[in-house]
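A.B. asks: Next come a sequence and a model predicted from it.
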There are 2 protein chains.
Amino acid sequence: MKIKNAVESLSALAQESRLSIFRLLVQAGREGVAAGVIGEQLGIPGATLSFHLKELANAKLVKSRTAGRYVIYSASFTEMDKLIAYLTENCCAGDAAQCAPRKSC
Amino acid sequence: MKIKNAVESLSALAQESRLSIFRLLVQAGREGVAAGVIGEQLGIPGATLSFHLKELANAKLVKSRTAGRYVIYSASFTEMDKLIAYLTENCCAGDAAQCAPRKSC
DNA sequence: TTCATATTTCTAATAATATAGAAATAAACC
DNA sequence: GGTTTATTTCTATATTATTAGAAATATGAA
């Protein structure tokens, strides 16, 4: 990952509505959630939601597929993992004694 | 972690200079790096560097200690881990089959 | 084809952030 | 005490992001 990508991803997540959307999608898993349902659950008006989803999609943190009239959004776990790997890259210059491995998800 | 904290941390990291500073400190480990050395390595003027270090410190992603005339900054690994845990919390509704554990650092 | 529903684009007002020069503070050395 | 060095605060300017109403688009249903 290059720094510009990482900044784009972090910027996408650095906003309360977008972080809520992303976490909702992370918890929903591969099936994803329709745009309207996201807006309803989080109380975000359509135009605003659409703007934020586009920001997340530009950063490749979410992807979408259409199912009839619905657009279903889901989190990109591979992109999330890349971002986390970038943040923790070569942590403590690779000294495992200082830097215990972390388990998550 | 509460969402406001997470947004504050992500905002702190969502900027090229600050992300570079943070990664430098992550890689430097517990010993940390003096402010001036950070600025020199990354080519950031003093006033700008100070502004960015304060942003990172407000988010608790870095801490500082003074050693004589120097101020030594270091990454907060516990805060970084909390942030990552928040992002990945209850991933795929806890379904391990979908969501393989990740190792890092 | 007409209507209802889902989502996106357009738009403009509002708000927040980044930058770095100059001045201020603080510690160490002579 | 006076000087050098390290860092921070003050300040102003420039840039970028957020919000949501209204209009546009697109699918499915009657």
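C.D. replies: Thanks, I have it.
A.B. asks: how about the residue nearest the centre of chain A, what does it touch?
C.D. replies: The residue lying closest to the centre of chain A (C-alpha atoms, centre = their mean) is A:Leu61, at 4.0 Å. A:Leu61 makes contacts with A:9, A:12-13, A:22, A:75-76, A:79-80, A:83, as judged by C-beta atoms under 8 Å, 6 or more residues apart in numbering or on different chains. Yep, even glycine has a C-beta here, placed from its N, CA and C like the rest.
A.B. asks: Closest one of those residues to A:Gly43?
C.D. replies: Comparing the contacts of A:Leu61 against A:Gly43 with C-beta to C-beta places A:Phe22 closest, at 16.1 Å.
A.B. asks: what's near enough to touch the residue of chain A found nearest DNA strand C?
C.D. replies: Of all residues in chain A, A:Gly36 sits closest to DNA strand C, at 2.2 Å by C-beta to the nearest atom of the strand. Neighbouring residues of A:Gly36 by C-beta under 8 Å, 6+ apart: A:46, A:70.
A.B. asks: Okay, and it sits in which element?
C.D. replies: Element membership for A:Gly36, per DSSP states H and E: helix A:35-42.
A.B. asks: rewinding a little: quick one: which of the contacts of A:Leu61 is nearest to chain B?
C.D. replies: Taking C-beta to the nearest C-beta as the measure, A:Leu13 is the one of the contacts of A:Leu61 closest to chain B, at 4.8 Å.
A.B. asks: And the pLDDT at the closest one?
C.D. replies: In this model, A:Leu13 is scored at 97, pLDDT.
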